[in-house]
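Enquirer: When you get a sec, could you give me coordinates for this:
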Amino acid sequence: MRISSIALTLLLALFFSFASANAEPLADPSQAHPSEAAAMPSADSGEAARIIHADWELAVLPSGDLLAVLWLTPAEGYKTYGNDPGQTGLPTRATVTLTPAGQILPVLYPPGKQTPDLFEKDKTVNIYDDPTPLFVPLPKGLAKPFGLTATLSLLACTGKSCWPLRLETAVSSEDIPTPEPAENKPWWPQFLKLADAKRAQRPDTTGTADTAVSPPAEQAAGQAAEEAVGQVVPAAPIFSPRSITPDLEVRSLLKAIPLAFLAGFLLNLMPCVLPVACLKLSGLLAACAAEKERDRHHTIRRHNLFFSLGILVYFSLLALVLGLAGFAWGQLFQRPGVILGAAVVLFALGLSLFGVFHLPVIDLKSVHHGKNPKSQAFSTGFLATLLATPCSGPFLGGVLAWTLLQPVPVVVTVFFSIGLGMASPYMALAVMPTFVRFVPRPGAWLSHIEKLAAFLLMATCLYFLSILPEGLLFPALAALLVTALACYVAGVLATLSHGAATRWTVRILALAAVVGVCLWAVAPQEETTHWQEFDHAQFTSRLGKENLLLDFTADWCPTCKALEKTVLTPHEIARLKSKYQFQAIRVDLTRENPEAMALLRALGSASIPVAALFPKGADSSRPIVLRDLYTKIQLEAAMAEAFAHEKKH
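Expert: Numbers count the residues shown, from 1 in each chain. Below is the predicted model:
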């Protein structure tokens with residue numbers, strides 16, 4: 001029974017999580033016809049320069065700072081998409097580097113010309129089909145000489161086909177004609193408009209809430225240039241908001257306390273609290289199982305008092321955290337660690353309701369009375385309130401808007417009032433336990449209610465997974481899998497048929513495994529800047545001229561991911577690059593890539609993972625290949641053989 005329950009739960013959680021994360025969108029512009037050109041052979045650099053001509057210009061802003069202009073001119077019959085391509089197509093992007101400083105500079109992109117797409121007339125796109133300037137504000141006070149290097153990625157289309165292009169262009173300030181005043185240029189109005197839009201994104205705070213002082217256009221342009229390169233970080237604007245319900249706006253503690261109490265009471269009725277309602281109901285149903293009325297009333301009173309205490313303690317602690325850290329209501333759930341922790345807890349609670357294991361502290365099963373009813377009631381109240389924190393309700397917004405700007409003692413007082421409001425129904429039951437006569441007696445029907453509650457908890461778990469960053473989805477699913485295994489082991493080896501020492505040892509080890517995998521899941525990911533994306537034209541041009549390491553991988557390849565976590569780590573690749581002087585190239589086969597597949601077959605393989613080491617010189621046609629799983633020692637031995645002539649002594 002336990003095995004079938006855990007299998008059902010895991011299948012539901014893993015299937016729906018993977019489905020929601022990996023399902024292809026029905027109308028994703030990036031999957032539309034022009035984007036399919038990404039699988040087509042890219043033009044080489046010479047062909048790209050023929051299709052898109054790039055040229056540089058320098059101008060002097062009224063502030064005295066320099067502005068670089070990168071002109072893109074498509075060949076006759078060609079167009080490219082704007083940085084915001086519209087409903088389909090791929091964006092034009094430029095990465096501009098200031099040399100020798102190595103600073104990445106911002107780029108201001110014109111919006112492009114709106115036109116129906118050539119291939120799908122019902123879609124509107126933004127295109128560059130004439131000479132188009134990309135504006136690059138240079139750092140304040142920059143003096144000659146300096147250099148600019150731009151790497152462009154864009155999609156060039158004719159009326160019949162599209163080609164993804166990668167174009168590199170570099171220029172020295174000494175090779176550019178003497179800069180002229182920017183306001184004399186024909187593109188000056190266009191730049192002013194972009195500069196004003198940039199300034200609007202980071203508004204100035206001069207003036208008051210009633211009157212805003214707009215700087216002259218020239219000053220706005222200078223400010224936009226400075227802000228673009230990180231010179232200016234304006235403060236937030238000052239507003240005087242008005243409410244359509246001024247009577248509910250809080251301006252004093254005397255008004256905040258009753259509204260906070262009412263908001264806390266109504267929080268029990270919000271739909272988002274439904275998944276944790278089983279936590280509140282379970283203890284009440286368990287208390288109703290007592291035969292004698294006196295015992296039943298005593299159990300109900302004790303349970304609800306300690307359940308209410310858990311609510312009040314939680315709100316008091318939350319007030320201290322929010323007041324001291326300056327967080328907003330629910331802001332804790334912006335942290336991936338908190339979200340994952342809540343998902344794991346919900347998953348474990350659901351497994352306990354499915355009968356996989358028994359919780360020693362929080363007993364959710366109504367047919368089961370624990371040995372520590374007070375601690376169980378307190379823990380259940382605390383946990384139920386924690387899971388309800390992302391919710392909001394009537395009156396709560398106005399109360400919190402005023403409260404969270406007050407000193408910590410005021411914050412604690414108001415939050416304690418919210419807790420009192422939320423706990424008031426349970427405190428009323430503690431005072432008048434006779435109200436439970438309206439609650440049906442426990443019976444066999446409760447086992448079905450418990451399973452329904454488990455599914456609600458699993459649904460909430462899926463919600464938490466859906467708001468995690470995409471890169472944490474796989475680690476989160478791994479954490480849930482380890483949680484399921486730990487709960488199953490605890491359910492098998494931590495029963496009354498085993499000794500107390502065995503039970504607690506198993507529980508501690510299971511908890512340690514869950515905590516460990518959660519810490520691993522949310523640990524900061526190492527940068528992977530040592531890897532370059534595979535480009536067939538660039539690979540062909542580099543072959544024989546440089547030492548190359550090609551790693552064939554895919555998101556659907558678990559063995560590949562294991563190698564990335566254990567062998568091809570950023571630290572290891574950095575160490576080996578320093579020792580053997582090679583370029584690391586990652587060949588991603590997650591999507592169909594005919595050129596990469598042809599190269600894989602040319603290496604004598606039809607499956608991945610594969611690592612190929614191409615030495616420079618005549619031996620580039622005889623690469624060393626590592627297939628399937630391999631170790632760090634094997635990888636370094638292969639490099640020592642392939643790149644021996646480049647090894648540093």
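Enquirer: Just give me the residue closest to the centre of the chain.
Expert: Averaging the C-alpha coordinates of the chain gives a centre point, and the residue nearest to it by CA atoms, centre = their mean is residue 469 (2.3 Å).
Enquirer: Can you list the low-confidence ranges for the stretch 101-250 of the chain?
Expert: 118-122, 160-161, 199-248 (pLDDT under 70).
Enquirer: picking that back up, can you give me the neighbour number for the residue nearest to the residue nearest to the centre of the chain when sequence neighbours are not counted?
Expert: If the residues on either side of it in the chain are set aside, residue 469 comes closest to residue 336, at 6.2 Å by CB to CB, 6 or more residues apart in numbering. Just so you know, the C-beta spots here come from the backbone N, C-alpha and C atoms, and that holds for glycine as well. For residue 336, the tally of surrounding residues (other CB atoms under 10 Å) stands at 17.
Enquirer: which ones are touching residue 632?
Expert: Counting by CB atoms under 8 Å, 6 or more residues apart in numbering, residue 632 touches 566-567, 572.
Enquirer: meant to ask about residue 56, not that
Expert: Applying CB under 8 Å, 6+ apart as the definition, the contact partners of residue 56 turn out to be 68-71, 148, 169, 171, 176.
Enquirer: Buried residues in whichever strand or helix holds it, which are they?
Expert: With the criterion set as DSSP states H and E, the secondary-structure element containing residue 56 is strand 52-60. When neighbours are counted by 16 or more other CB atoms under 10 Å, the buried residues of strand 52-60 are found to be 52, 54, 56-60.
Enquirer: for the residues you listed, which one is nearest residue 604?
Expert: For residue 604, the closest of the buried residues of strand 52-60 turns out to be residue 52, at 37.6 Å, with distances computed as CB to CB.
Enquirer: Distance check, that closest one against residue 264.
Expert: Taking CB to CB, to the nearest Å as the criterion, residue 52 is separated from residue 264 by 62 Å.
Enquirer: Select the longest helix from the chain.
Expert: In terms of residue count, the longest helix belonging to the chain (DSSP state H) is helix 293-325.
Enquirer: for that one, packing partners?
Expert: Contact partners of helix 293-325 among helices and strands, from 3 or more CB pairs under 8 Å, 6 or more residues apart in numbering; DSSP states H and E: helix 277-287, helix 373-388, helix 408-431.
Enquirer: Need the mean per-residue confidence for that helix.
Expert: For helix 293-325, the mean per-residue pLDDT is 82.
Enquirer: got the buried residues for the following helix or strand past that helix?
Expert: Downstream of helix 293-325, the next assigned helix or strand under DSSP H and E is helix 336-353. Along helix 336-353, the positions that meet the burial threshold by neighbour count (16+ other CB under 10 Å) are 336, 338-353.
Enquirer: Ok, stretch 408-417 next?
Expert: Under the neighbour-count criterion of 16+ other CB under 10 Å, stretch 408-417 has 410-417 buried.
Enquirer: and that stretch, average pLDDT?
Expert: 90.
Enquirer: So what touches it?
Expert: Contact with stretch 408-417 is made by 253, 256-258, 260-261, 264, 312, 315-316, 318-320, 322-324, 399, 403-404, 406, as judged by CB under 8 Å, 6+ apart.
Enquirer: What's the PyMOL line that selects buried ones from those residues?
Expert: To isolate the buried subset of the contacts of stretch 408-417 in PyMOL, counting by 16+ other CB under 10 Å, use the following:
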select buried, resi 253+256+257+260+261+264+312+315+318+319+322+323+399+403+404+406
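Enquirer: and stretch 149-163, C-alpha only, in PDB?
Expert: Written as PDB, here are the backbone C-alpha positions of stretch 149-163 (Å, rounded to 0.1, in the frame of the first residue of the first chain):
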ATOM      1  CA  THR A 149      34.400  45.900 -30.900                       C
ATOM      2  CA  ALA A 150      30.900  44.900 -31.700                       C
ATOM      3  CA  THR A 151      29.500  41.300 -32.100                       C
ATOM      4  CA  LEU A 152      26.200  41.300 -33.900                       C
ATOM      5  CA  SER A 153      23.600  38.500 -34.000                       C
ATOM      6  CA  LEU A 154      20.700  39.000 -36.300                       C
ATOM      7  CA  LEU A 155      18.300  37.400 -38.800                       C
ATOM      8  CA  ALA A 156      18.600  38.600 -42.400                       C
ATOM      9  CA  CYS A 157      15.600  37.700 -44.600                       C
ATOM     10  CA  THR A 158      14.700  38.100 -48.200                       C
ATOM     11  CA  GLY A 159      11.200  37.400 -49.700                       C
ATOM     12  CA  LYS A 160      12.100  33.700 -49.900                       C
ATOM     13  CA  SER A 161      14.400  32.700 -47.000                       C
ATOM     14  CA  CYS A 162      16.000  33.800 -43.700                       C
ATOM     15  CA  TRP A 163      19.700  33.400 -42.600                       C
END
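Enquirer: quick one on the thing from earlier: relative to residue 447, which of the helices and strands packed on helix 293-325 is closest?
Expert: Closest to residue 447 of the helices and strands packed on helix 293-325 is helix 277-287 (CB to CB; 11.6 Å).
Enquirer: Tell me the strands beside the helix or strand hosting residue 149, with direction?
Expert: Taking DSSP H and E as the definition, one finds residue 149 inside strand 147-157. Applying DSSP bridges to the sheet, strand 147-157 is found paired with strand 79-86 (antiparallel), strand 93-99 (antiparallel), strand 162-172 (antiparallel).
Enquirer: among these, which is the most enclosed?
Expert: Of all the strands paired with strand 147-157, strand 79-86 carries the top mean neighbour count, a mean of 21, counting by mean count of other CB atoms under 10 Å.
Enquirer: quick one: the residue nearest to residue 386 when sequence neighbours are not counted from residue 536, how far?
Expert: Nearest residue to residue 386, sequence neighbours excluded (CB to CB, 6+ apart): residue 314, at 6.1 Å. In this view, residue 314 and residue 536 are 58 Å apart by CB to CB.
Enquirer: These two: which is more packed in?
Expert: Under the criterion of other CB under 10 Å, the comparison of residue 314 against residue 536 puts residue 314 first, with 22 against 17.
Enquirer: Nice, that's everything, thank you.
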